[in-house]
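J.: coordinates only, sequence not included:
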């Protein structure tokens, strides 16, 4: 009987340890799966939100606003502050709703400030 107690104790500990390891593994893998699923859902929501923003920007952009911006671009072009390609890219970004007029004007302002600061 002296031998029976340690064998039972070791066997019981091994079974308990195995069950604990199995439970911990399930918990960790389940949590990782849930976290991955949450990240996927977050990304989809961000993408949908961005699409809505683009559509909203397209509808809020009037012909008058576009024409004013395009006219504004003529002066920096004449002064060689921006290239024709840069102006064209800005116009496309604004027209497609990927950049707001405020962002475009802000970008140009940053370019102008950079030029003034270097002179």
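T.: Looks like it arrived, so ask away. Because the structure is a prediction, the values reported are computed rather than measured.

J.: where does the record place the domain boundaries for this protein?
T.: For the chain, the structural domains run 1-43, 61-119, going by automatic domain parsing.

J.: comparing those, which yields the minimum mean pLDDT?
T.: Mean pLDDT per stretch puts domain 1-43 lowest among the domains of the chain, at a mean of 61.

J.: tell me where this protein has strands.
T.: Read by DSSP state E, the chain holds no strands at all.

J.: just the helices in it please.
T.: For the chain, the helices defined by DSSP state H occupy 4-60, 63-78, 84-95, 101-118.

J.: got the buried residues for the shortest one?
T.: It stands for helix 84-95. Residues 86, 87, 90, 91, 94 are the ones in helix 84-95 that count as buried (16 or more other C-beta atoms under 10 Å). C-betas here are computed from N, CA, C, even on glycine.

J.: helices and strands around it, which ones?
T.: Counting contacts by 3 or more C-beta pairs under 8 Å, 6 or more residues apart in numbering; DSSP states H and E, helix 84-95 packs against helix 63-78, helix 101-118.

J.: redo these as CSV? Include mean neighbour count.
T.: Below are those laid out as CSV (neighbours: other C-beta atoms under 10 Å):
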stretch, mean neighbour count
helix 63-78, 12
helix 101-118, 12
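
J.: nearest to residue 41, out of those?
T.: Nearest to residue 41, of all the helices and strands packed on helix 84-95, is helix 101-118, at 28.0 Å by C-beta to C-beta.

J.: number of nearby residues for residue 42?
T.: By the criterion of other C-beta atoms under 10 Å, residue 42 has 10 neighbours.
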